[in-house]
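S.K.: Test case, fold it:
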Amino acid sequence: MTAIAAVREVQGDRAAGDRHQAAGDSAGESTRARELREALAEVRAGRRDAYERVVDLCQSRLLSFTMSLLKDHDAAQELTQDAFVRAYRYLDRFDHRRPFYPWLATIAFRLAQDRWQRQRRDRELAQRYGAASAEGEARDDALRTVIADEESRRLWKAVQELPGGERAVVLLFYRQDLKIREAARLLGVSSGTVKTLLFRARRHLREALGAGASGATGR
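M.R.: So this is what the prediction gives:
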């Protein structure tokens, strides 16, 4: 067998395996989706204990998502539980004609954004106190830091004002350093959708910040 034939044989086996795995994953996802719809219907019917089944069905996937966002297991567990509590509280606002998990993941993502904002404010406060207590020869460096922080604040303030989908992909792609494929998987959308949202977000940021922002948002 030639080297080319061997490579083609391996590629064929791999493609067959991928198709088999995809079929199994699709069947499993269909079963989970059906069970999730049934559990949510029971919750809407007044059986609050059925929400435990909702948590069981979504917890592993959501924890993986929050771990990707926060890179800290304890913080991700806390965020995951907060998202389930928030989702239960506002379940009457959920459009039950749509898939539940993307809505739940959006709640988790917004809670993560709140956490990032608090952490950023804490860092800025610490930097300001550090600059105030620095010696005179360090004041020029402190001033440059303040200017850089101001530019960063302008950028991320503009990001926060983007539409929800655009804001999500920008933060996942740039702030969390996820690849397009990873962001798509975590958000439950296609890679093409993520690329489209990134294109629109970059355009909106350029409009908001001017041509100088293109270097900060290009990649």
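
S.K.: low-confidence ranges in this structure?
M.R.: Residues of the chain meeting the criterion pLDDT under 70: 1-29, 121-152, 176, 211-219.

S.K.: could you pull out the helices for it?
M.R.: 3-44, 51-70, 73-89, 100-133, 139-160, 164-170, 180-187, 191-209, 214-217 (DSSP state H).

S.K.: Can you name the residues that contact R44?
M.R.: R44 makes contact with L91, H96, according to C-beta atoms under 8 Å, 6 or more residues apart in numbering. Yep, even glycine has a C-beta here, placed from its N, CA and C like the rest.

S.K.: any idea how far it is from L205?
M.R.: R44 sits 40 Å away from L205, going by C-beta to C-beta, to the nearest Å.

S.K.: Now V159. Nearest residue, chain neighbours left out?
M.R.: Nearest non-adjacent residue to V159, counting by C-beta to C-beta, 6 or more residues apart in numbering: V170, 5.4 Å away.

S.K.: Correction: the previous question concerned A168.
M.R.: F109 (5.7 Å).

S.K.: Could you tell me which residues make contact with the one you found?
M.R.: Applying C-beta under 8 Å, 6+ apart to F109 gives the contacts F65, L69, A168, L171.

S.K.: next one: C58
M.R.: Taking C-beta under 8 Å, 6+ apart as the test, what C58 contacts is L36, F84, F100, Y101, L104.

S.K.: Next, find the distance separating it from Q113.
M.R.: 20 Å.
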